[in-house]
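*Asks:* Sequence and predicted structure are below.
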Amino acid sequence: AQSVTQPDIHITVSEGASLELRCNYSYGATPYLFWYVQSPGQGLQLLLKYFSGDTLVQGIKGFEAEFKRSQSSFNLRKPSVHWSDAAEYFCAVGAAGGGADGLTFGKGTHLIIQP
Amino acid sequence: ETGVTQTPRHLVMGMTNKKSLKCEQHLGHNAMYWYKQSAKKPLELMFVYNFKEQTENNSVPSRFSPECPNSSHLFLHLHTLQPEDSALYLCASSQQGGDSSYNEQFFGPGTRLTVL
């Protein structure tokens, strides 16, 4: 069965500093990987996704993520965080091959931005 | 309305009540999903509908009953719930098929359910 691990429950970063959120997945075949962000009282917004090709993917709001098959990781990065980036971040894996399959999510990482 | 909408945004109900959650997608998608988001637990997939047919039921208790009358609307009927069912219920939709081998899911804002 597929699974996603986000080892950091909370991360605190100073505004303007760089950010890396960790995500490890377990999946038997080629995974489709996603990062979503959730602000308080809101639904989930897709930041970026990886299906195939270039292992470094660019997303919205200045985020990027790198797929490393050898480490089963898909870490999210941003070179300089803004106070508005404070939110909950979820990594998710979807089954390859298409079809209306649901996603398997990690428990999320709560990002706190210090002024 | 745009995207995925959910009503009501907040719901408080007793254990003997019957209520329904509504989801509507304005994106022309053909697949819809219900997820449950509890405190300190990952988002859990509950149901999947593809072209109005239920294709997945993740061992959800029968006190949750989904309904998908058409590809734009999805309901979650609730009856005799337990306090541990209190959570944020998220609806999502996606467009399956075509050239893309996997299509992203778009989420609604959720319904915050409290069971007393």
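*Replies:* Received the coordinates, thanks. Residues are numbered from 1 along each chain as shown, chains lettered A, B, ... in the order given.
*Asks:* hey, let's count contacts and neighbours off CA atoms from now on
*Replies:* Will do.
*Asks:* so where's chain A uncertain?
*Replies:* Confidence mapping of chain A against pLDDT under 70 gives the ranges A:96-101.
*Asks:* Could you look up the SS state of the most centrally placed residue in chain A?
*Replies:* What sits nearest the mean C-alpha location of chain A, by C-alpha atoms, centre = their mean, is A:W35, with 3.2 Å. Classification of A:W35 by DSSP: H, G, I helix; E, B strand; the rest coil places it in strand.
*Asks:* Whether stretch B:13-21 contacts chain A - can you check?
*Replies:* No - when contact is scored as C-alpha under 8 Å from any C-alpha of the partner chain, no part of stretch B:13-21 falls within range of chain A; the minimum is 15.3 Å.
*Asks:* Show me the beta-bridge partners of the residue nearest to the centre of chain A.
*Replies:* Taking DSSP bridges as the rule, A:W35 bridges to A:L48, A:C91.
*Asks:* separation between it and B:Q95?
*Replies:* Spatial separation of A:W35 from B:Q95 under the definition C-alpha to C-alpha, to the nearest Å is 18 Å.
*Asks:* most centrally placed residue in chain B?
*Replies:* Centroid-nearest residue in chain B: B:W34, 2.7 Å away (criterion: C-alpha atoms, centre = their mean).
*Asks:* shouldn't that one be in contact with B:A92?
*Replies:* Yes - using C-alpha atoms under 8 Å, B:W34 and B:A92 qualify as a contacting pair, with a distance of 6.6 Å.
*Asks:* Now for those two: what residues contact both?
*Replies:* Where contact means C-alpha atoms under 8 Å, 6 or more residues apart in numbering or on different chains, no residue is in contact with each of B:W34 and B:A92.
*Asks:* Quick check: nearest residue in space to the residue nearest to the centre of chain B, chain neighbours excluded?
*Replies:* Counting by C-alpha to C-alpha, 6 or more residues apart in numbering or on different chains, B:C91 is the residue found nearest to B:W34 once chain neighbours are left out, at 4.7 Å.
*Asks:* ok, now how distant is that neighbour from A:Y25?
*Replies:* B:C91 sits 24 Å away from A:Y25, taking C-alpha to C-alpha as the criterion.
*Asks:* More neighbours: which of the two?
*Replies:* Under the criterion of other C-alpha atoms under 10 Å in any protein chain shown, the comparison of B:C91 against A:Y25 puts B:C91 first, with 33 against 23.
*Asks:* residue contacts, residue 4?
*Replies:* This is for chain A. With C-alpha under 8 Å, 6+ apart as the criterion, the residues that contact A:V4 are A:C23, A:N24, A:Y25, A:S26, A:C91, A:A92, A:V93, A:T104, A:F105, A:G106.
*Asks:* Chain B is the one I meant
*Replies:* Here B:V4 is in contact with B:C23, B:E24, B:Q25, B:H26, B:L27, B:C91, B:A92, B:S93, B:F106, B:F107, B:G108, B:P109 (C-alpha under 8 Å, 6+ apart).
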